[in-house]
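> What follows is a protein structure lacking sequence information:
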């Protein structure tokens, strides 16, 4: 099933999790009016998006506006449109917006890898979301992403691996 959303103006662009540390599921969510779309993703993807957006924001004037704190909450129930694969990020000078492009993760099977053939018919079945977010929304997303990522399990001081609520077998502690 093909999913395509393009939000030239979003009310909210946020990230959040469902579940307990160690078994959390990460989501990106965009909302405009009553329309909303969520994408399941990995913690590292959330962190990478925030890191890139911070880098771009450092080269731009500080944001004039910020979304209200409640707009950054993940709205449930979350119905994922797809699992996140490739990510495209950029800046559109003409609209002074950051562009976030999210594409569906696609597993290619052996039939798709037939040598010498290109099947353009398969490209229109992938999910695709394009968002244009303000500098304020991007800055708020970065702050929220950093909080969400840091709220996970603490790292062991000896081995650096995450510690479960029940502890963990530390390879350095024998």
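Sure, I can see it. Please read all numbers here as calculations on a predicted model, not as lab measurements.

> Show the residue spans covered by the strands in the protein.
Along the chain, counting by DSSP state E, strands occupy 4-7, 12-18, 25-32, 35-41, 80-92, 97-104, 128-133.

> and residue 149, what pLDDT?
The score at residue 149 is 93. That number is its pLDDT.

> To clarify, my last question referred to residue 114.
For residue 114, the pLDDT comes out at 54.

> Begin at 605, not 1, for the rest of this chat.
Will do, 605 is the new start, and the previous item becomes residue 718.

> Residues contacting stretch 663-683, please?
Stretch 663-683 has contacts (Cβ atoms under 8 Å, 6 or more residues apart in numbering) with 615-616, 618-622, 631, 633, 635, 640, 642, 661, 695, 738-745, 748. The way it works is simple: take the backbone N, C-alpha and C, and place the C-beta from them, glycine included.

> make it 10 Å
Residues outside stretch 663-683 that contact it (Cβ atoms under 10 Å, 6 or more residues apart in numbering): 614-622, 629-633, 635, 640-644, 661, 695, 697, 700, 702, 737-745, 747-749, 751-752.

> Buried only: go through these for me.
For these, a burial check counting by 16 or more other Cβ atoms under 10 Å picks out 614, 616-621, 630-633, 635, 640-644, 661, 695, 702, 737-739, 741-745, 748-749, 752.

> possible to save the strands of the chain as CSV with distance to residue 770 and mean pLDDT?
Below are the strands of the chain laid out as CSV (distance: least, Cβ to Cβ, whole Å; pLDDT from 0 to 100):
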stretch, distance to residue 770, mean pLDDT
strand 608-611, 41, 94
strand 616-622, 20, 96
strand 629-636, 20, 96
strand 639-645, 26, 96
strand 684-696, 29, 96
strand 701-708, 35, 97
strand 732-737, 38, 96
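
> any idea how far residue 770 is from residue 626?
Distance, residue 770 to residue 626, by Cβ to Cβ, to the nearest Å: 10 Å.

> Quick check on these two: which one has the bigger neighbour count.
Between residue 770 and residue 626, residue 626 has the larger neighbour count (other Cβ atoms under 10 Å), namely 13 against 6.

> Contacts only, for residue 608.
If you count contacts by Cβ under 10 Å, 6+ apart, residue 608 has them with 685, 728, 730, 731, 732, 733, 734.

> who's it bridged to?
Beta-bridge partners for residue 608, by DSSP bridges, are residue 732.

> ok, residue 628 - contacts?
Applying Cβ under 10 Å, 6+ apart to residue 628 gives the contacts 620, 621, 622, 647, 752, 755, 756, 757.
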